[in-house]
Each structure stands twice: as C-alpha cells, then as structure tokens.
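J.: Pasting the sequence and the predicted model now:
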Amino acid sequence: MSEYTPGPWRVSQHRLNAKILACDAAKYKYVIGTVFPLTHQGENARGTMEANARLIAAAPELFEALVALTEQYCDLENMLNQGNHEVFGWHMNGQGEPVSSFFEDNDQGALDLALSAIAKATGSDSA
C-alpha cells in the first residue's frame, strides 16, 4: 500500500467549493482534494459540502484512532482468552460485571466493521 499524506488535514472554504489541505513541516500546503456541492440538494448543498469536507479532513486522525482502538480491543480479548479474566480489575458497569462477560455476551460486529474499514482504507479489502 502506498502511504497516504499524513495529517493533520484541514478544510479551506471557498465560494464554490471546499478544499482539503495538508501541510508539510515547511508549512507548504498540498491540496488533497476538492469537494463540490451537489446541485440537487438545493439550499442544503453548501452545508452538506462543508460536512463532507470536514469528514474527509478528519480521515487521518479517524484512521489512526480506529487502528489504535482495534489493536487495544484485540489485545484485551487475547488477554481474556488466555484466562486473565480480571484484567487490571476492569469492569464494564457499576454492578461489577467483569470485562470477560463483555466479550462473551456481544458479537464482534463492531470489530468486524472496524477491520473492514481499515482494510478498505489500506487497500487490502477484496472489493
């Protein structure tokens, strides 16, 4: 996989579009992309364009956070699978439910979504 342009990225609003910018150490600005309003959205077009631009600009930080959370989730699950059911004395709720019951009672839908998103972002998905 090629490396993406590191963040942070920011949004630069223009009259007709929004540009996603990244800056290197020398503060040279790179245009990552341009977002245009969709004309069929009428009065909401500019607001939707700005929201889309903000979401794109957050991509590097969102990706890094998702990778970190996924790694921590898997590390915790591995510790529990190895028999350490009182990991650091953590509990999922105030009633004293141990962390291990979280992994027993919940399917891994959230983890699957996270891993799928990471695969899509890194180009390792089969789509």
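T.: In hand now; what should we look at? This is a predicted model, so every value here is computed, not measured.

J.: State the pLDDT value of the spatially most central residue of the chain.
T.: Nearest to the geometric centre of the chain sits residue 62, at 3.0 Å (Cα atoms, centre = their mean). At residue 62, the pLDDT value in this model is 94.

J.: Next, residue 75: phi, psi?
T.: phi -60, psi -40 (degrees, to the nearest 10).

J.: ignore the last one, residue 35
T.: phi -110, psi 130.

J.: what's it in contact with, if anything?
T.: By Cβ atoms under 8 Å, 6 or more residues apart in numbering, the contact list for residue 35 reads 17, 18, 19, 20, 49, 52, 53, 56. To be clear about C-beta, it is placed using only N, CA and C from the backbone, and glycine gets the same treatment.

J.: and the residue nearest to the centre of the chain, helix, strand or coil?
T.: Judged by DSSP: H, G, I helix; E, B strand; the rest coil, the three-state class of residue 62 is helix.

J.: returning to what we had before: which of the contacts of residue 35 lies at the shortest distance from residue 115?
T.: residue 56 (21.5 Å; Cβ to Cβ).

J.: wait, is the closest one part of a helix?
T.: Yes: judged by three-state DSSP, residue 56 forms part of a helix.
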